[in-house]
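Engineer: Predicted coordinates and the sequence they were generated for:
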Amino acid sequence: MRFEFFIASRLKLGNKHKAGSPSLNVALLGIILAILIIILSVEIVMGFKKEITTKITSLDSHLKVTNGAIGIDDNFSIVDFREVSKTINKDTALKDKLASVSLIAEKPAILKTDNDFKGLQFKGVDENYDFSFLNNHLLEGRVPNFNHQDSTQEIIISSTIAKQLQLKLNDKIFTYFIDYKVKVRNCRIVGIFNTDFDTFDKTYIVGNIALLQNVNGWTMDQGNYVGINLKDVDNIEQNAYSLYGMLALQSIGDNETSTVYNVTNTHQNNIAFFTWLGMLDMNVVIILVLMIIVSGFTLIAALLMVVLERIKMIGLMKALGTTNSSIRRIFIFLTHKIIFKSIIIGNILGIGLGLLQKYFHIIKLDPDAYYMNYVPIDINPTSLLLLNIAIIVISYLTLLGPSYIVSTIKPTSTMRFE
C-alpha cells in the first residue's frame, strides 16, 4: 500500500503543461456542487426541525396531566393541583428532572371591539408558568403580572390578532365567555408577541388563570390541566409513563384522591406536526441519494479520464512487473485527490453560506407557510464529520468496480498509444 500511495502522491491530475484538463475541472466542479447541496440540505432540514420543535415544546407543555373523565364542558375536566403536586413531590428522581410545574386552564372566548370581533382560546396560566419563550418574542410590553389582584385582567396577544382587531398596547377590550350564560370581562393588553407560529398566534391569548377560575367558579387549585416542562426532553415518553403510573397508584391507595388522571406528552398532543417533521427526513434521504448518484457517475468519468491520460504509464508499469491490483489502487488514490479537494471546497462553501444565513437571515420565508420568517440553519459538527466520512467511503466503493478497466490494458498496445 505504501508503494501505491507514494506513486499516486507524486502524480498530478492532467498533463505536465497544465494542472488539469477541462474534463477533470468539470468533474471537480460537479462533485463540489453535489457536496455543497448535500451539506446545505442537511443544515437546512436540521435547522428547520430544531426551530419547529423548539417552538412546539416551548408553547405547549412537555407533559400534560388531565382528568381522565370524559365530559362536554370545563367542569368535567378539572384537575386539582394539590393532588398532582403531592404525587410529584413523593418521587425525588422525577422531581429533579422537572423545569417547571404550573396549573393551566383554557376556555373559548370572543374578543370584541366596536367594529370587529374574533373567536379564540384564552389560556390562563399561573406564576409558575415558563414565559421565557414568549418573553423572547415580545414585540412590545411585558407578560402578565401575578403579584397583585388587579393583574387578573392582564393579557398578552399576538401581533396577528392585534392587527386584525386594530388593537395596541394598554388597550382595554371586552372578553366574552359563553357557558350556560354569557360572562364578560374587561381585559387590558399589556404585551404583544409574534412567534411566527401561525397555529398559536392566530388562536391563543395568554392571561392569568385567576380570571378563568373566577369565570368557571373554581378554587385557586383547580384548572384544566397541570403543565410540566422537563429539563431534558430526550426521555419524554418514559417520564410520561412514570408519572402516569405514580398518579394511578395515588388514586388507588389514597382515599382523598378520587380522580383518575391521564398523562400525555407533547409528541402525542402535536402528532400532526411531528409526523410532518419526520417526513422531512425522507426529503433529505432523496436528496442524498440523488447527489450520491450524480457524484458517483462524475467520479467514474473522472477515473476513466485519468486512466486515459496515463495509459502509457500503465503499460510501462505492467512491463516492469507491477500487478493490476497495485495499478488500480494507484489510480483510485489519484482520483481521490479530486474527492478530497471537492470535500474541502464544498465544506468551506457549505459551512460559510450556512453561517451567513444563520446570523444574517439573508433568505426569507413566508411565516404563514413555514412558521418562521427565514431559512433556519443548524450546523452540527458531528453530523458534518459523519457526512464527510460517508462521502469518502462511498466514493472509494464507487471507484472499485470501474478501476478494473486497468486490467484490460495490455503493455504491447500502450507503447504505440497516442
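Structural biologist: Thanks, I have it. Numbers count the residues shown, from 1 in each chain.

Engineer: quick one: low-confidence parts of this protein?
Structural biologist: For the chain, the stretches with pLDDT under 70 are 1, 12-21, 23, 69-76, 149-150, 253-258, 411-418.

Engineer: show me where it has strands.
Structural biologist: 63-67, 79-80, 98-112, 117-125, 138-141, 154-158, 172-178, 182-193, 204-208, 222-223, 225-230, 261-265 (DSSP state E).

Engineer: right, and these - which one's nearest residue 54?
Structural biologist: Among the strands of the chain, strand 225-230 comes nearest to residue 54, with 12.6 Å by CB to CB. Where you see a C-beta, it was placed from the backbone N, CA and C, and this is true even at glycine.

Engineer: re the thing from before, just send the strands of the chain back as CSV, with mean neighbour count too.
Structural biologist: CSV is the format used below for the strands of the chain (neighbours: other CB atoms under 10 Å):
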stretch, mean neighbour count
strand 63-67, 21
strand 79-80, 22
strand 98-112, 19
strand 117-125, 19
strand 138-141, 14
strand 154-158, 24
strand 172-178, 16
strand 182-193, 18
strand 204-208, 23
strand 222-223, 24
strand 225-230, 23
strand 261-265, 20
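
Engineer: Nearest to residue 366, out of those?
Structural biologist: Taking those one by one with CB to CB, strand 154-158 is closest: 16.6 Å.

Engineer: which strands and helices sit next to the closest one?
Structural biologist: For strand 154-158, the elements it packs on are strand 182-193, strand 204-208, judged by 3 or more CB pairs under 8 Å, 6 or more residues apart in numbering; DSSP states H and E.

Engineer: So which elements touch the first one?
Structural biologist: Put plainly, it is strand 182-193. So strand 182-193, by 3+ CB pairs under 8 Å, 6+ apart, packs with strand 138-141, strand 154-158, helix 159-165, strand 172-178, helix 209-216.

Engineer: can you list these in a markdown table and add distance to residue 120?
Structural biologist: Listed next are the helices and strands packed on strand 182-193 as a markdown table, based on distance: least, CB to CB, whole Å:
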| stretch | distance to residue 120 |
| --- | --- |
| strand 138-141 | 18 |
| strand 154-158 | 9 |
| helix 159-165 | 7 |
| strand 172-178 | 10 |
| helix 209-216 | 14 |
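
Engineer: gap between the spatially most central residue of the chain and residue 278?
Structural biologist: Nearest residue to the geometric centre of the chain (CA atoms, centre = their mean): residue 49, 1.7 Å. Using CB to CB, to the nearest Å, residue 49 is found at 9 Å from residue 278.

Engineer: Equivalent analysis for residue 172, please.
Structural biologist: 44 Å.

Engineer: ok, now residue 51?
Structural biologist: Relative to residue 278, residue 51 is positioned 15 Å away (CB to CB).

Engineer: Which one's more surrounded, these two?
Structural biologist: residue 51 (20 against 10; other CB atoms under 10 Å).

Engineer: isn't the more buried one right up against residue 370?
Structural biologist: No. Using CB atoms under 8 Å, residue 51 is not in contact with residue 370, being 9.5 Å away.

Engineer: sorry, back to before: was I right to think the residue nearest to the centre of the chain contacts residue 280?
Structural biologist: Yes. Here residue 49 reaches residue 280: they are 6.2 Å apart, a contact under CB under 8 Å.
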